[in-house]
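*Asks:* model this:
(2 chains)
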Amino acid sequence: MNTQASFSKPEPLSSRNWFPKVSAAVVAGGLLTFGIMGVVGLLCHSDASPRTLSAQFLLWLVALVWCVLLSVCFLFRSGRQAWAVLAVANVLVWGLFFAIRGLVS
Amino acid sequence: MKIRGDIVRTYRDVHSWVGIIAGLFLFVAFYAGAITMFEQPLQEWASAANPPPVSTPFERLPALMEKLFAAHPEAARNYSITLPAATPGQGQLSWSIAKPGAHGHGPATQVSLNDQGDLVMVQDQPSGAARFVDVLHQQVGLPFPHTLSMLLMGTVALLYAVALVSGVIAFLPGLAKNLFAVSIGRNSKKMWLDMHNLLGVFSLPFHLIMALTSVVFAFHEPIFATQQWLLGGSSAHQHMQGGPRHGGGHGRGGVAHGGHGPAGTEHGGQLPVAVQPAGEHQGPSDHGPVTGHDGVGLPQHEGSPDPAQGNDQKNAAAPRTPLPPQQIVAALAAQAPGFVPDSLTYTQRPGAGVALNVAGHDPRYSMRGPVSGFAGVDPYTGKIISADYLPGHQGTGFSIITTFFALHFGSFGGVAVRWGYVVLGLGGAFLFYTGNRLWIASRQKQERKTGLVEETRGTRFLACLTSGCTLGCVAGISAIFCAVPFLPHGGTYPVVMGLYYAVFCLFVAAAFLLGSQRCDRILLVGAGVLTALVPVAASVGRQQGDWLSPVNQAVGLTSVLVGVFLLVCAFRKIRVSSQRRLSA
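*Replies:* Predicted structure coming up:
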């Protein structure tokens, strides 16, 4: 994201347009986080029973990834870019999730 | 370190706004959390006037249990034996009844035999003081129902995480230069900034852990539900059963026998009150032992399917009775030497056998819960079935997760670490206070620069709110501990809660009535006096004077220290303002 922001000589970052960025991180970022959880969960064959190690590991993963996304979302150049990047990432991750799930089952 | 200027500026803005939104909630969470470090001893301290639970020698426990179950068959569904360290070879039996559809379980009943061999049952009426402070900590000071509070707490935790990252980014570049330069004096903005930076940098790892664990505590339920939805296989319904219990006992529809948590053990004096989850959402487990803070502590015991199912078929064939407690303890000592069991909790589900969960501690290892680790034990053979949360017997993965829990609870390294956590917690609370002060001071400075004589309404509002909330929280908690020796049963939960919020609201209202100029000193004096009065109240209110006990001394010394600190701050403020008035 950082690299994306610095592709061309950008206008300086500011905190003015925080709302679209934060909402992208909350909504699209949250969805992305769950997608990542799903992919990792499939890869480690988690059966999502909360008493298993894998389920608990995924729980912490979600917390960590979401915190990081919320923290770095301000580095997007604009709210539109934030939504676009996270939407594309969502499509990729969820596509991967359904592909793996299709392969596994 | 070189960071682009616009990034630093952006994150500085983010930091101040996120901080100002979350700061006051976090203050309450950290101040109450620091006190919660010693919830268990405080619980005993507050309940000192109540009749202590009666211990029964191990040899007589089977006879007692037989009598109890004959008289009250429902007791067999959820009972627990507390093993006080003070009286080895004895146990305190208690049971509680499930209230399906209602909040958690009924109050615990202590059971013993009198000299004639008759059952003696005493309803437990513990002090609610220590548990209230714990709930206050978990719900960041909000009096809402548990589910809503968790949602708000989670939001605060996320803001807290963002505040930490943005704070580091914003202040890293200039930090090395002015880290130790704390300038106390006239320039209040500089002073608050220096203190805020110094505290923030040195407690950063602590705060990172707290932020991450709090997010997990707040959102584990929806996250697990999503996991089930995405990945859930056959075991999915198990969690759904266990799930609603976190929600304060609402919507337990699907569970035939809602959460009759081991209430018995809860107030038994020895069993971790600290482990009790938040207020309403007791019944920490339909089946498990008292779990961590939020039930995340022990997701595995939700359902405790292994013991239950394992014994299911055998039971169907020939109902057996669990081994006597003495043999369970002996079997545990052989399998897990060094693990000291504190309580045995038996739960029975309809159509399943009895599940036994043992809570205990092992000073050599960090523990999953605030005061204990846990073992799932087969009640018929005494064999450990689940060692996932058993200190020193966990696999690598579970050990790593336990480390995070232990780092939140301070449940490692004994009493010294707990005191360290008290200091870190109070330091954290002060960090958020300095953050708010800094915000106010810099706005005042800006406003003065633009030529305003009076501060704007926003600044004044925030100044009053900061003083009212922070000092109201301190005073409210102190008022509870002052009142505990005088209240019947050491203050039941609703009484304690009412008292806290009355004092809290009084302080907030007073702050706004007095205005930002005067409220600080007066509220500081009020909170300081209330806090310093705690040991006085304890020595006046208690008839029998064992007020030289270590807990009493610790409570007294700590509250005097905090009280004197507040009073010193108050007098500093009074002096500064009178000097100003003289020079003007």
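*Asks:* give me the number of residues near whichever residue of the stretch 451-584 of chain B sits closest to chain A?
*Replies:* Scanning the stretch 451-584 of chain B for the residue nearest chain A gives residue B:458, at 17.8 Å (criterion: CB to the nearest CB). Quick note: C-beta positions are derived from backbone N, CA and C, even for glycine. When counting by other CB atoms under 10 Å in any protein chain shown, one arrives at 11 neighbours for residue B:458.
*Asks:* Can you tell me how far it is from residue B:517?
*Replies:* 16 Å (CB to CB, to the nearest Å).
*Asks:* and what of residue A:24?
*Replies:* Taking CB to CB, one finds residue A:24 at 42 Å from residue B:517.
*Asks:* So residue B:417 is in contact with residue B:410, correct?
*Replies:* Yes. Applying CB atoms under 8 Å, one finds residue B:417 in contact with residue B:410, separated by 5.4 Å.
*Asks:* quick one: which of those two has more around it?
*Replies:* Here residue B:417 and residue B:410 are compared on neighbour count by other CB under 10 Å; more neighbours surround residue B:410, at 26 against 18.
*Asks:* tell me the contacts of that one?
*Replies:* Residues near residue B:410 by CB atoms under 8 Å, 6 or more residues apart in numbering or on different chains: B:37, B:370, B:417, B:418, B:420, B:421.
*Asks:* mind running it again at 7 Å?
*Replies:* Residue B:410 is in contact with B:37, B:417, B:418, B:421, counting by CB atoms under 7 Å, 6 or more residues apart in numbering or on different chains.
*Asks:* Tell me the one of these nearest chain A?
*Replies:* The closest of these, once distances to chain A are taken by CB to the nearest CB, is residue B:421, at 21.0 Å.
*Asks:* excluding its backbone neighbours, what's nearest the closest one?
*Replies:* The shortest distance from residue B:421 to any non-neighbouring residue, by CB to CB, 6 or more residues apart in numbering or on different chains, is to residue B:410 (3.7 Å).
*Asks:* List phi and psi for the one you found.
*Replies:* Per-residue torsions, residue B:410: phi 70, psi 30 (degrees, to the nearest 10).
*Asks:* Looking at residue A:24 and residue B:517, which has the bigger crowd around it?
*Replies:* Taking neighbours as other CB under 10 Å, residue A:24 and residue B:517 compare with residue A:24 leading, 24 against 12.
*Asks:* what about that one, which SS state?
*Replies:* helix (DSSP: H, G, I helix; E, B strand; the rest coil).
*Asks:* Contact partners for it?
*Replies:* Residues near residue A:24 by CB under 7 Å, 6+ apart: A:73, A:79, A:82, A:83, A:86.
*Asks:* Let's see that with 8 Å instead.
*Replies:* The contact partners of residue A:24, by CB under 8 Å, 6+ apart, come to A:73, A:76, A:79, A:82, A:83, A:86.
*Asks:* Take these and keep only those in helices.
*Replies:* Of the positions in the contacts of residue A:24, A:79, A:82, A:83, A:86 sit in helices, assigned by DSSP state H.
*Asks:* top of these by neighbour count?
*Replies:* Going by other CB under 10 Å, residue A:82 tops the ones in helices among the contacts of residue A:24 with 25 neighbours.
*Asks:* pLDDT wise, what is that one at?
*Replies:* Residue A:82 is assigned 94 on the pLDDT scale.
*Asks:* Would you confirm that it contacts residue A:27?
*Replies:* No. Here residue A:82 does not reach residue A:27: they are 10.5 Å apart, not a contact under CB under 8 Å.
*Asks:* Determine the residues that are contacts of both of residue B:417 and residue B:410.
*Replies:* Counting by CB under 8 Å, 6+ apart, nothing touches both residue B:417 and residue B:410.
*Asks:* quick one: the helices in the stretch 351-500 of chain B?
*Replies:* Applying DSSP state H, counting those that start in this stretch to the stretch 351-500 of chain B gives helices spanning B:396-409, B:414-449, B:457-483, B:493-532.
*Asks:* And these: which comes nearest residue B:84?
*Replies:* helix B:414-449 (18.0 Å; CB to CB).
*Asks:* what ranges do the helices span in the stretch 1-150 of chain B?
*Replies:* With helices called from DSSP H, counting those that start in this stretch, the stretch 1-150 of chain B shows them at B:5-36, B:39-46, B:61-71, B:129-138, B:146-178.
*Asks:* Kindly apply the preceding question to chain A instead.
*Replies:* Going by DSSP H, chain A shows helices at A:2-5, A:18-23, A:29-43, A:53-72, A:79-104.
*Asks:* helices or strands up against the third one?
*Replies:* If you count contacts as 3 or more CB pairs under 8 Å, 6 or more residues apart in numbering or on different chains; DSSP states H and E, helix A:29-43 packs onto helix A:53-72, helix A:79-104, helix B:204-231.
*Asks:* Report the rounded mean pLDDT for it.
*Replies:* 94.
*Asks:* Scan the contacts of residue B:410 and report the most crowded one.
*Replies:* residue B:37 (25 neighbours).
*Asks:* contacting residues for that residue?
*Replies:* Contacts of residue B:37 (CB under 8 Å, 6+ apart): B:410, B:418, B:419, B:421, B:422, B:425.
*Asks:* For those, give me a markdown table that also has pLDDT.
*Replies:* Output for the contacts of residue B:37, formatted as a markdown table (pLDDT from 0 to 100):
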| residue | pLDDT |
| --- | --- |
| B:410 | 92 |
| B:418 | 93 |
| B:419 | 94 |
| B:421 | 95 |
| B:422 | 95 |
| B:425 | 95 |
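*Asks:* Output the set of residues of chain A in proximity to chain B.
*Replies:* By the rule CB under 8 Å from any CB of the partner chain, the part of chain A lying against chain B is A:12-15, A:18, A:34, A:37-38, A:41-42, A:46-53, A:55-60, A:62-64, A:66-68, A:70-72, A:74-75, A:97.
*Asks:* Narrow these to those that are buried.
*Replies:* Buried by 16 or more other CB atoms under 10 Å in any protein chain shown: A:13, A:15, A:18, A:34, A:37-38, A:41-42, A:46-53, A:55-60, A:62-63, A:66-68, A:70-72, A:74-75, A:97, out of the residues of chain A next to chain B.
*Asks:* where does the stretch 1-150 of chain B dip in pLDDT?
*Replies:* The stretch 1-150 of chain B contains residues with pLDDT under 70 at B:1, B:98-106.
*Asks:* center of chain B - which residue?
*Replies:* What sits nearest the mean C-alpha location of chain B, by CA atoms, centre = their mean, is residue B:134, with 3.5 Å.
*Asks:* How about that residue, nearest residue that isn't a chain neighbour?
*Replies:* residue B:36 (4.7 Å).
*Asks:* who's in contact with residue A:17?
*Replies:* Neighbouring residues of residue A:17 by CB under 8 Å, 6+ apart: A:78, A:79.
*Asks:* Likewise for residue B:324?
*Replies:* Residues in contact with residue B:324 (CB under 8 Å, 6+ apart) are B:58, B:61, B:62.
*Asks:* among those, which are within reach of chain A?
*Replies:* Applying CB under 8 Å from any CB, the subset of these adjacent to chain A is empty.
*Asks:* Quick one: buried ones out of the residues you listed?
*Replies:* B:58, B:61, B:62.
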